[in-house]
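Chemist: my questions concern the predicted model and sequence given below.
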Amino acid sequence: MNEFDRRTFLAAAAAAAAVPVPALASASAGEAADRLVVNALGGFYDPNAERPAGAIASTLARTIDRRVLDDARASGMDAVNVTLGYVAGEMDPFEHTMREIGVWEARLRAHPDRLLKVIEAADIERARRDGRIGIIYGFQNAAMMGDDASRADIFADLGVRIIQLTYNPANRIGDGSMASENRGITPFGREVIERLNGNRIMVDLSHSGQRTCLEAARISSRPVSINHTGCRALTDLPRNKTDEELRLVASRGGFVGIYFMPFLSPDSVATAEDVVAHIDHAVNVCGEDHVGIGTDGGTTGIDDMAAYRARIRQEIAERRAAGIGAAGENPDTLPFVEDLSGPGQFDRLIGLLERRGYAAARIDKIMGLNFLAYAREVWG
């Protein structure tokens, strides 16, 4: 670790010590409690809280209070990949990421009886046995690598288990889904993938451009994932994946998580039935052993929808101004599926899959067992 990295790490520790986190009470769960539920990409914040202006996709700007923790537990969720670290903005990607790791370390220390940091697959099972929620550290951009692939070693030592190669724009590793050139993995990107493989960190290809996704899946010596996406065969938007991408990831032992996002519908107003349709298509393309959920949302419901819509319009405008927006993000649509929101979302999805004719064993795989199997393969 060089001198800059040491200073940043110490700054992260100092920031962590200063973060107050309130206590929480126990909560009950519904039907989802009968199954392992793993959210391959989920929010862990209160969507009703005020967000500082300009705070795009920052853990530091998200509120985690008693209600958030209660709702997460009530939903039946056993583990979740939380986004931390740099996604976009003017801040230094490495320093910002280290600070956010410090914030999450403080949260975990504040709630050892409720939260468990996930390092290996067995920790997901342990979280379920203990009635805790497994927290998986994940990035949605690898820009914090700078030009030094060995930083993957630092992040692995700090417990980061998933690194998404790109966000919507291009970076030094490859092209995101909104990069019009659709170039593939760069030479530096190959170094990063090799380093991630060596550290047993999941290579996540969500948000990637098509060539970047296909090349990364072939380059990686370990199975890769697309933790939150939809199926482009059903809705032709860049954030969704083609059958070729889905099939290749699955054929190499990987995992595909379907999100609860507006990109599942051409009019950007997705419903629970759209989620089921995309799950069904992914199962048909990938096989039932490779599909799960990565909602890209939290488990706390919206109290004042009018006020929330106003905040979303502002956020979408900020994202467009920053050059990180995606096709299908519209000012008057919501970044989640309204009839699959709040603490009951997993129960409702299970019911819809049952009505679709899915057997209990297949539902178990989709809700969590497939991600667990993939985690065992990559993390050990």
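Modeler: In hand now; what should we look at? Keep in mind that this is a model prediction, so the values were computed, not measured. Residues are numbered from 1 along each chain as shown.

Chemist: tell me the centre residue of this protein?
Modeler: Closest residue to the average C-alpha location of the chain: residue 41 at 2.4 Å, with CA atoms, centre = their mean.

Chemist: then that residue would be within a strand, right?
Modeler: Yes: judged by DSSP: H, G, I helix; E, B strand; the rest coil, residue 41 forms part of a strand.

Chemist: quick check: it touching residue 225?
Modeler: No: in this structure residue 41 lies outside contact range of residue 225 using CB atoms under 8 Å: 9.6 Å. The way it works is simple: take the backbone N, C-alpha and C, and place the C-beta from them, glycine included.

Chemist: need the residues touching each of the two.
Modeler: 206, 257 (CB atoms under 8 Å, 6 or more residues apart in numbering).

Chemist: in the helix or strand hosting residue 308, what counts as buried?
Modeler: Following DSSP states H and E, one finds residue 308 within helix 305-322. For helix 305-322, a neighbour-count test (16 or more other CB atoms under 10 Å) marks 312, 315-316, 318-319, 322 as buried.

Chemist: now these as TSV including pLDDT?
Modeler: Formatted as TSV, those follow (pLDDT from 0 to 100):
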residue	pLDDT
312	78
315	78
316	79
318	79
319	75
322	74
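
Chemist: so where do the helices sit in the stretch 251-380 of the chain?
Modeler: 272-286, 305-322, 345-355, 360-364, 370-379 (DSSP state H, counting those that start in this stretch).

Chemist: and for the stretch 1-150 of the chain?
Modeler: Ranges of helices in the stretch 1-150 of the chain, per DSSP H, counting those that start in this stretch, are 3-17, 66-74, 93-110, 121-130.

Chemist: and those helices: which comes nearest residue 237?
Modeler: Nearest to residue 237 among those is helix 93-110; the distance by CB to CB comes to 26.7 Å.

Chemist: for that closest one, the averaged confidence score.
Modeler: In this model, helix 93-110 has a mean pLDDT of 96.

Chemist: between the helices of the stretch 1-150 of the chain, which one is nearest to residue 370?
Modeler: Here helix 121-130 is closest among the helices of the stretch 1-150 of the chain (CB to CB), at 12.0 Å.

Chemist: show me what that closest one packs onto, helices and strands only.
Modeler: strand 79-83, strand 115-117, strand 133-139, helix 370-379 (3 or more CB pairs under 8 Å, 6 or more residues apart in numbering; DSSP states H and E).

Chemist: confirm that residue 195 sits in a helix.
Modeler: Yes: under three-state DSSP, residue 195 sits within a helix.

Chemist: find the nearest non-adjacent residue to it, please.
Modeler: residue 152 (4.0 Å; CB to CB, 6 or more residues apart in numbering).

Chemist: now do residue 222
Modeler: residue 197 is the one closest to residue 222 (CB to CB, 6+ apart), at 5.0 Å.

Chemist: show me where pLDDT drops low in this structure?
Modeler: Residue ranges of the chain with pLDDT under 70: 1-30, 51-63.

Chemist: let's go with 50 and repeat that
Modeler: The model of the chain has pLDDT under 50 over residues 1-29, 55.

Chemist: and residue 118, how many neighbours?
Modeler: Neighbourhood size, residue 118 [other CB atoms under 10 Å]: 25.

Chemist: now residue 227
Modeler: 31.

Chemist: what angle do helix 370-379 and the helix or strand hosting it make with each other?
Modeler: Assigned by DSSP H and E, residue 227 belongs to strand 225-229. Between strand 225-229 and helix 370-379, the angle comes out at 140 degrees (axes from the mean of the first three to the mean of the last three CA atoms, to 10 degrees).
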